[in-house]
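>>> Got a predicted structure here, sequence first:
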Amino acid sequence: MKIMVAVKRVVDYAVKIRVKPDKTGVETTNVKMSMNPFCEIALEEALRIRESGLAKEVVAVSVGPAQCTDTLRTALAMGADRAVHVDAGMAHVQPLSVAKILRALVQAEQPGLLILGKQAIDDDCNQTGQMVAGLLQWPQGTFASKVVLDKEKQKATVEREVDGGIETICLDLPAVIT
């Protein structure tokens with residue numbers, strides 16, 4: 001099975017952000033950028049699944065400007081087998097657009113599992129995973145804290161954090177997990 005992991009380039013979590021003088025957003029010029037921490041957790045989970053022998057390949061994907069290649073290099077250094085960059089230029093890409101791009105990549109790559117971070121620390125949207133699952137008509141497990149794959153039955157058991165504690169759901173593969 002192949003696992004695809006979406007990774008996003010964001011302002012590093014340790015950087016003190018500054019608002020642009022014209023108040024149109026956050027100043028990103030000469031600011032340290034890194035992989036979204038939740039995407040890093042998603043990639044680590046995919047690598048753990050591969051190391052356990054339940055997956056053959058981990059493909060990291062990023063949508064954005066040319067500088068996203070730095071984030072993909074980080075993913076490769078962490079252990080991803082391949083990286084795919086969809087260059088969106090300097091345009092700010094909204095979650096629905098990213099979900100549509102991921103749908104096209106999933107249709108081309110045919111992974112058995114798509115893993116995303118639960119949300120990005122720059123916009124806190126928490127939308128892309130749910131949107132791509134809807135576009136693909138795949139089952140989804142959100143806010144996952146534990147993932148167990150059953151390759152024989154083609155199922156994923158996901159423990160997810162909810163207000164009352166932990167909820168366990170079982171998903172048919174292929175699936176989307178955040």
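Arrived safely.
>>> So what pairs up with residue 57 in the strands?
residue 2 (DSSP bridges).
>>> distance of it from residue 83?
Residue 57 sits at a distance of 12 Å from residue 83 (criterion: C-beta to C-beta, to the nearest Å). C-betas here are computed from N, CA, C, even on glycine.
>>> Tell me which of the two has more neighbours.
Higher neighbour count among residue 57 and residue 83: residue 83, with 20 against 15, using other C-beta atoms under 10 Å.
>>> Which strand or helix spans that one?
Assigned by DSSP states H and E, residue 83 falls within strand 82-87.
>>> so what does that strand touch, helix or strand wise?
Under the contact definition 3 or more C-beta pairs under 8 Å, 6 or more residues apart in numbering; DSSP states H and E, strand 82-87 sits against strand 57-64, helix 68-78, helix 95-109.
>>> per-residue confidence for the residue nearest to the spatial centre of the chain?
Nearest to the geometric centre of the chain sits residue 116, at 2.4 Å (C-alpha atoms, centre = their mean). You'll see residue 116 listed with a pLDDT of 94.
>>> What about the closest residue to residue 118 other than its chain neighbours, how many residues nearby?
Closest residue in space to residue 118, ignoring its immediate chain neighbours: residue 178 at 4.7 Å, by C-beta to C-beta, 6 or more residues apart in numbering. Look at residue 178: counted by other C-beta under 10 Å, it has 24 neighbours.
>>> dump the residue contacts of residue 178.
42, 115-119, 126, 129-130, 140-144 (C-beta atoms under 8 Å, 6 or more residues apart in numbering).
>>> And those, which is the shakiest by pLDDT?
Lowest confidence among the contacts of residue 178: residue 119, with 79.
>>> from the contacts of residue 178, which single one is nearest residue 35?
Using C-beta to C-beta, residue 117 comes nearest to residue 35 of the contacts of residue 178, at 9.0 Å.
>>> State the distance from the closest residue to the closest one other than its chain neighbours to residue 116.
Nearest residue to residue 117 in three dimensions, chain neighbours excluded: residue 38, at 2.9 Å (C-beta to C-beta, 6+ apart). Distance, residue 38 to residue 116, by C-beta to C-beta: 8 Å.
>>> And for residue 167?
Residue 167 sits 19 Å away from residue 116, taking C-beta to C-beta as the criterion.
>>> Kindly report the same for residue 60.
Distance of residue 60 to residue 116, given as C-beta to C-beta: 11 Å.
>>> any residues in contact with both of the two?
In contact with both residue 60 and residue 116: 5, 6, using C-beta under 8 Å, 6+ apart.
>>> tell me the angle the strand holding residue 83 makes with strand 57-64.
Relative orientation of strand 82-87 and strand 57-64, computed by axes from the mean of the first three to the mean of the last three C-alpha atoms, to 10 degrees: 20 degrees.
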